[in-house]
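Colleague: Build the 3D model from these lines:
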Amino acid sequence: MAIRDEVRKRRTFAIISHPDAGKTTLTEKLLLYGGAIHVAGQVSARKRQRQATSDWMALERERGISITSTVLQFPYRDHTINLLDTPGHQDFGEDTYRTLLAADSAVMLIDAAKGVEPQTKKLFAICRERRIPLFTFMNKLDRPSRDPLELLDELENVLGIGAFPMNWPLGSGDEFRGVYDRRTKAVHRFERSSHGTTRAAFSVGDVADPALRDMVSDYVYRQFREGIELLDGAGERFDRAAMLRGEITPVFFGSAVTNFGVQLFLDDFIDMAPPPSARAGVDPADAEFTGFVFKIQANMDPRHRDRVAFVRICSGEFARDMTVRNARTGALVRLSRAMRLFADDRVSLDVGYAGDVVGLANPGAFAIGDTLYEGEPVAFPPIPAFAPEHFATVRSTDVASYKSFGKGVAQLREEGAVQVFYPWGVPRTEPILGAVGELQFEVAQYRLEAEYNVKTILSTLPYTVARHVRGERDAIERAHWPSNARLVEDWNGRAAALFESEWSERLAQEWNPNLTFDAFSAQSDAEALAS
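Modeller: Numbers count the residues shown, from 1 in each chain. Purely as a prediction, here's the structure:
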């Protein structure tokens, strides 16, 4: 019963949003109210402003954006929270997708002035495909916002998901004063704290309290009361089972930057969110340990040039020094250097349970997509690789630093930050990088210099399509290629071709009927290594 009790206490979730919806700020405030930090940092250009805890990489702090997923584990109300912070920028969508595979639920953050935005739609589609329960936080009510009913309609009409408001805002912009909790029928009136760095003071009152009318204009107060009456008159009740199936989303209104409504959301989330559920037929309360690697990150501690494998525990109990089997290699691995993760801070971990994310020191034993288990073999669904759409050559400006350059490129590839190709049949000296988004090239070049002390020159290439090429080696070498195509090999030595357009690819297929051109996303990194 001990394992089952521990599993019930786990809440493992990711936050998804369009860039600039306030995801990093909400993450900070959840940590503040969860007691994990005492003063919240904010993304700001002011040099003396505190920096966001979740944005641990130097480039993230310089640019004010999240470019890599992090894990933030902390206790709250006798629960263990595993908050998976994901990049908001579409160029890092592959990292977000992998991280969502490790989540049991997701929080969809929406700017209340802008509504549903393009990147939100894409990430929502991933959640819907995986039937991940979704919670919605309508953010930035401290700024002039759209009508709350209009925002609810947009969720239903644009995303096709039912929306059930759990609270209701009193005003917006300068007149935002608090929220009405529909469950307790109480109004929480907030006071702004100093720059939102500490918890907002609040008082609880009744919706009929005359003092409410004095806090806002007559128009705002009338809209507030009419909205509540309309919702209560509809008589709908929240259906948690439908939420767990991904059919409806509970909606919360608030302002992360001023802390209005954040604790109400966190408390309700803990009560409503699902604990870990069965994966690949494995009960999370089973005694035997299983888990999978969904992320690898190098140089979280630049002093040690380390690599950390992020493992989502799917069942059983993790214990320091336990021995597990890697399904890809068949090798037994002793998990002696395990850590609890909090952004780039790490402490030694002795025990963990299903739902937790454990960091394992990775001397090269693990790859993204690896399944780890003890006892009977288990197979979790593979983690697909996204096909790159942008390509560039990169070379070191200093021949003496080539060893460091090669190590840096290898580790960036291992993380899944970029794909790496080499011209076919020549020494591997100047790699070709492939990426889902162009911003990944900037990050790769920055990290090569900051983490490996290697300055590079990067030149973009005109290709937009990558395909793996199958066939006899002699046939591949004799193949006839269009002038705007290029034969290369990937990191694992498999033949691939880069094309400027789909038309160029079709021409290559016509000229080489004895070759097969496969979509690049067919194999995960772990599968490629296994083959």
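Colleague: buried stuff in stretch 126-136?
Modeller: Neighbour counts over stretch 126-136 (16 or more other Cβ atoms under 10 Å) mark I126, C127, I132, P133, L134, F135, T136 as buried. Just so you know, the C-beta spots here come from the backbone N, C-alpha and C atoms, and that holds for glycine as well.
Colleague: Out of the residues you listed, which is nearest to Q263?
Modeller: Checking these against Q263 by Cβ to Cβ gives F135 as the nearest, at 14.6 Å.
Colleague: Can you name the next helix or strand after whatever helix or strand that closest one lives in?
Modeller: Secondary-structure assignment from DSSP states H and E places F135 in strand 134-139. Scanning forward in sequence from strand 134-139 by DSSP H and E, the next helix or strand is helix 148-154.
Colleague: hmm, who's touching that following helix?
Modeller: 110, 112, 115-116, 138, 145, 163, 165, 168-169, 227, 230, 251, 253 (Cβ atoms under 8 Å, 6 or more residues apart in numbering).
Colleague: Dump whichever helix or strand comes after it to CSV, restricted to CA.
Modeller: Downstream of helix 148-154, the first helix or strand assigned by DSSP H and E is strand 162-165. As requested, C-alpha coordinates have been extracted for strand 162-165 and formatted as CSV (Å, rounded to 0.1, in the frame of the first residue of the first chain):
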residue,chain,number,x,y,z
GLY,A,162,-16.0,22.3,-23.5
ALA,A,163,-15.2,25.1,-21.0
PHE,A,164,-16.4,25.2,-17.4
PRO,A,165,-15.5,28.4,-15.5
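Colleague: Packing partners of the helix or strand just after strand 162-165?
Modeller: Remark: after strand 162-165, the chain's next helix or strand is strand 167-170, criterion DSSP H and E. In terms of contacts (3 or more Cβ pairs under 8 Å, 6 or more residues apart in numbering; DSSP states H and E), strand 167-170 is packed against strand 178-181, helix 218-234, strand 248-253.
Colleague: what's the closest residue to R10 other than its chain neighbours in contact with, if anything?
Modeller: Spatial nearest neighbour of R10, excluding adjacent residues (Cβ to Cβ, 6 or more residues apart in numbering): G355 at 3.0 Å. For G355, the contacting residues are V7, R10, R11, T12, T80, N82, D104, P275, P276, P284, I313, by Cβ under 8 Å, 6+ apart.
Colleague: what does stretch 263-276 contact?
Modeller: Residues beyond stretch 263-276 that count as contacts (Cβ under 8 Å, 6+ apart) turn out to be 7-13, 30, 33-34, 76-77, 79, 81, 104-105, 107, 133, 135, 137, 166-167, 179, 181, 183, 188, 199, 240, 243-244, 250, 252, 254, 284, 314, 354-355.
Colleague: repeat that for 7 Å
Modeller: By Cβ atoms under 7 Å, 6 or more residues apart in numbering, the surrounding residues in contact with stretch 263-276 are 7-8, 10-13, 30, 33-34, 76-77, 79, 104-105, 133, 135, 137, 166-167, 179, 181, 188, 240, 244, 250, 252, 254, 284, 354-355.
Colleague: I'd like the helices and strands packed on strand 167-170 as JSON lines, with mean pLDDT and distance to P87 appended.
Modeller: Compiled in JSON lines, those are given as follows (pLDDT from 0 to 100; distance: least, Cβ to Cβ, whole Å):
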{"stretch": "strand 178-181", "mean pLDDT": "94", "distance to P87": "29"}
{"stretch": "helix 218-234", "mean pLDDT": "92", "distance to P87": "35"}
{"stretch": "strand 248-253", "mean pLDDT": "98", "distance to P87": "22"}
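Colleague: Which among those is found nearest to E489?
Modeller: Within the helices and strands packed on strand 167-170, the stretch nearest E489 is strand 248-253; the backing value is 45.2 Å (Cβ to Cβ).
Colleague: Packing partners of the host helix or strand of V469?
Modeller: Taking DSSP H and E as the definition, one finds V469 inside strand 465-470. With contacts defined as 3 or more Cβ pairs under 7 Å, 6 or more residues apart in numbering; DSSP states H and E, strand 465-470 has these neighbours: strand 495-499, helix 502-511, strand 516-519.
Colleague: what comes up buried for the helix or strand that it is followed by?
Modeller: Sequence order places helix 473-478 as the next helix or strand after strand 465-470, per DSSP H and E. Residues of helix 473-478 classed as buried under the neighbour-count rule (16+ other Cβ under 10 Å) are I476.
Colleague: Repeat that for stretch 136-144.
Modeller: Within stretch 136-144, judged by 16+ other Cβ under 10 Å, the buried ones are T136, F137, M138, N139, K140, L141, D142.
Colleague: excluding its backbone neighbours, what's nearest the fourth one?
Modeller: Nearest non-adjacent residue to N139, counting by Cβ to Cβ, 6+ apart: G22, 4.6 Å away.
Colleague: quick one: contacts of the strand holding V469?
Modeller: By Cβ under 7 Å, 6+ apart, the list of residues contacting strand 465-470 from outside reads 387-388, 434, 476, 494-499, 501-502, 505, 515-520, 522.
Colleague: Check the separation of the first and last residues in stretch 356-375.
Modeller: 20 Å (Cα to Cα, to the nearest Å).
Colleague: cool, stretch 137-149 as well?
Modeller: Using Cα to Cα, the distance between the terminal residues of stretch 137-149 is 14 Å.
Colleague: quick one on the thing from earlier: from the contacts of G355, which land in helices?
Modeller: V7 (DSSP state H).
Colleague: just the buried members of the contacts of G355?
Modeller: Those of these that meet the buried threshold are V7, R10, R11, T12, T80, N82, D104, P275, P276, P284, I313, by 16+ other Cβ under 10 Å.
Colleague: In strands, which of these appear?
Modeller: Secondary-structure check on those using DSSP state E: residues within strands are R10, R11, T12, T80, N82, I313.
Colleague: What residues are bridge-paired with the last one?
Modeller: I take that to be I313. The residues listed as beta-bridge partners of I313 by DSSP bridges are G291.
Colleague: and what of the first one?
Modeller: When assigned by DSSP bridges, R10 has beta-bridge partners T80.
Colleague: Isn't it up against Y353?
Modeller: Yes: with contact defined as Cβ atoms under 7 Å, R10 reaches Y353; the gap is 6.4 Å.
Colleague: quick one: furthest residue from the center of this protein?
Modeller: When distances to the mean C-alpha position of the chain are computed (Cα atoms, centre = their mean), the maximum falls on P210, with 44.4 Å.
Colleague: ok, back up a step: the residue nearest to N139 - how many residues pack around it?
Modeller: The criterion is other Cβ atoms under 10 Å. On that basis, G22 has 24 neighbouring residues.
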